[in-house]
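Student: Take this sequence and fold it.
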Amino acid sequence: MNQLYSVKVSQRTNAGQNISIIELESTQNEPLPTFAAGAHIELHLPNAMIRQYSLCQDPEQNQRYRLAVLRDQKSRGGSQYVYDHLNLGSQLHISAPKNLFPLNLQAEHTVLIGGGIGITPLISMAYQLHHAQQSFELHYCGQHSDQAALMDELKQCAFAAQVMFHFKDQGANHRNYFKEKIKQFSKRSHLYTCGPNGFMDWIFELAKSHQFPSDQLHREVFQHDVDITGHSFQVIAKQSNKTIQVAADQSILDALASHGIYVEKSCEQGVCGTCMCDVLEGLPEHRDVYLTDEEKQSNEQILVCCSRAHSECLVLDI
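Tutor: Purely as a prediction, here's the structure:
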């Protein structure tokens with residue numbers, strides 16, 4: 001089990017419609033672990049949910065962590081709980097920062113494109129690029145400017161000249177803008193995007209259509225709609241010496257748990273990698289967004305929360 005840190009809500013403000021800016025400080029009055037831009041933390045909520053949120057602050061500040069949380073009616077309940085129940089003084093446990101969205105500080109130029117609440121990890125990236133005196137620009141896209149998070153900060157920060165806003169209520173059309181702007185970006189630029197899946201998909205397809213290398217395109221994903229159903233198959237848990245039947249509508253994770261084999265889990269959507277297991281034999285059917293294409297092709301590991309098997313049997317090192 002990874003180390004957890006006890007924190008309390010030291011400040012909470014509202015930003016826009018249904019967005020809370022929450023600051024967390026150690027209950028032990030100690031600095032929290034340092035982190036690099038793009039990192040997130042897991043909140044272990046009092047209702048037993050575990051949810052991931054990006055850190056949206058200058059990475060040089062680790063006396064407290066700052067999150068911007070949208071109360072999303074379509075969420076699985078985590079953001080609603082945070083928005084409704086984490087108030088000033090509330091205590092909870094968090095993980096150390098984890099980074100599945102690392103920033104390449106060697107890029108010739110960096111383009112940061114955030115959609116809605118997806119601006120959060122990109123703010124940390126902008127701070128880190130600014131401190132490193134690297135070339136970058138930050139684009140903030142959304143529907144309504146009066147419902148956006150951290151607008152005042154971005155308008156007044158040291159890198160404000162490198163921030164561009166694209167809000168529909170102000171007459172902006174980010175699709176038309178980027179269709180022309182993409183032609184001006186050097187092919188050696190790195191693009192980072194975070195926001196709704198459709199938004200990120202569109203940015204990626206646009207960049208690929210202009211021959212941007214795939215290894216220079218980066219996205220942050222916390223919400224992944226995944227179908228766990230398929231044909232039934234067997235899993236042999238080698239260390240546990242158990243053979244388990246995985247039903248057509250059952251995840252490997254749940255099938256293992258029903259036989260007393262508990263794998264650490266978090267997102268249960270194939271995003272975070274917490275439940276990854278080594279594959280000894282068999283052919284996985286990868287349904288996650290955590291493993292790279294190369295890692296999936298190697299078939300050496302599987303995320304048991306969502307992935308299944310092409311073969312009739314998988315042998316896992318658990």
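Student: And the helices in the stretch 151-300 of the chain?
Tutor: Listed from the start of the chain, the stretch 151-300 of the chain has helices (DSSP state H, counting those that start in this stretch) covering 151-156, 174-181, 197-209, 252-257, 293-298.
Student: Just say which of those helices is most tucked in.
Tutor: Between the helices of the stretch 151-300 of the chain, the one whose residues have the most neighbours on average, counting mean count of other Cβ atoms under 10 Å, is helix 252-257 (a mean of 21). From N, CA and C alone the C-beta is placed, and that goes for glycine too.
Student: Give me the contacts around that helix.
Tutor: 235, 237, 244-247, 262-263, 265, 268, 275, 302, 304-305, 307-308, 314, 318 (Cβ atoms under 8 Å, 6 or more residues apart in numbering).
Student: Name all residues that make contact with residue 29.
Tutor: Taking Cβ under 8 Å, 6+ apart as the criterion, residue 29 is in contact with no other residue.
Student: And the pLDDT for residue 265?
Tutor: Here, the pLDDT recorded for residue 265 equals 84.
Student: Leaving out sequence neighbours, find the closest residue to it.
Tutor: residue 275 (4.8 Å; Cβ to Cβ, 6 or more residues apart in numbering).
Student: Check residue 90 too.
Tutor: residue 9 (4.6 Å).
Student: Over to residue 46?
Tutor: Leaving aside its sequence neighbours, residue 46 is closest to residue 92 (6.2 Å, by Cβ to Cβ, 6+ apart).
Student: The one you found against residue 48, yeah?
Tutor: No: counting by Cβ atoms under 8 Å, residue 92 stays clear of residue 48, with 11.3 Å between them.
Student: The two: which is more packed in?
Tutor: Neighbours of residue 92 and residue 48, each counted by other Cβ atoms under 10 Å, are more numerous for residue 92; the result is 19 against 6.
Student: Name the SS class of the more buried one, please.
Tutor: For residue 92, the reduced secondary structure class is strand; criterion used: DSSP: H, G, I helix; E, B strand; the rest coil.
Student: now do residue 83
Tutor: Taking three-state DSSP, the label given to residue 83 is helix.
Student: What ranges in the chain fall below the confidence cut-off?
Tutor: 1, 74-76, 222-225 (pLDDT under 70).
Student: quick check: domain ranges of it?
Tutor: 4-95, 109-220, 233-316 (the TED database).
Student: I'd like these laid out as CSV, including distance to residue 227.
Tutor: Supplementary listing: the domains of the chain in CSV, determined by distance: least, Cβ to Cβ, whole Å:
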stretch, distance to residue 227
domain 4-95, 15
domain 109-220, 15
domain 233-316, 7
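Student: for those, which one sits closest to residue 226?
Tutor: domain 233-316 (4.5 Å; Cβ to Cβ).
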